[in-house]
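Asks: turn this into a structure:
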Amino acid sequence: MSEEWTPTRISILIALWDEGLTTSEIGVRLGVTKNAVVGKVHRLGLPTRGSPIRQKAPPAQIIRLEALRPGMCCWPDGEPGDDDFRFCGEPVVPEKPYCAEHCDRAYVKQPKESKRTVAA
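Replies: From the prediction side, this is the model:
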């Protein structure tokens, strides 16, 4: 996979880079490795882009038992006794102890049985 970086291939690299394609996809299209693309992009001084890898969501606020108040979802999260054990704390559905998301998990609706008719 040791292809020469001709002016044509470099212009294609730049166009694909500007389109926002991943280095892997650019490599596939040009017949080179992802690392070859990364190196050439660096040597050309092309503008850096944000990582396509999704970042982890910020950690949820830890709501301990003593911080729970009326109107806060009391769905437990984690293992009791662990330092990061907490409760949801989101606003509850009226007349329920949980938020809408946790009510969907806690209250499973049973399908109604269809009436069976007995043939005579």
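Asks: any low-confidence regions in the chain?
Replies: 1-2, 52-60, 113-120 (pLDDT under 70).
Asks: apply 50 and report the result again.
Replies: The chain contains residues with pLDDT under 50 at 1.
Asks: any idea which helix or strand comes after the longest helix along it?
Replies: Among the segments of the chain that qualify as a helix by DSSP state H, the longest is helix 7-19. Downstream of helix 7-19, the first helix or strand assigned by DSSP states H and E is helix 23-30.
Asks: pull out the buried residues from that following helix.
Replies: Under the neighbour-count criterion of 16 or more other Cβ atoms under 10 Å, helix 23-30 has 23, 26-27, 30 buried. From N, CA and C alone the C-beta is placed, and that goes for glycine too.
Asks: cool, stretch 85-102 as well?
Replies: Of the residues in stretch 85-102, those buried by neighbour count under the rule 16+ other Cβ under 10 Å are 86-90, 92-93, 98-99, 102.
Asks: tabulate those (a markdown table), appending distance to residue 76.
Replies: Shown next, in a markdown table, are the buried residues of stretch 85-102 (distance: Cβ to Cβ, whole Å):
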| residue | distance to residue 76 |
| --- | --- |
| 86 | 8 |
| 87 | 6 |
| 88 | 8 |
| 89 | 11 |
| 90 | 13 |
| 92 | 14 |
| 93 | 17 |
| 98 | 11 |
| 99 | 13 |
| 102 | 10 |
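Asks: who's in contact with the residue nearest to residue 64 when sequence neighbours are not counted?
Replies: If the residues on either side of it in the chain are set aside, residue 64 comes closest to residue 86, at 6.6 Å by Cβ to Cβ, 6 or more residues apart in numbering. Residues near residue 86 by Cβ atoms under 8 Å, 6 or more residues apart in numbering: 60-64, 76-78.
Asks: looking at these, which has the most residues close by?
Replies: In terms of neighbours by other Cβ atoms under 10 Å, these top out with residue 63 at 18 neighbours.
Asks: now do the helices in the chain.
Replies: 7-19, 23-30, 34-44, 100-106.
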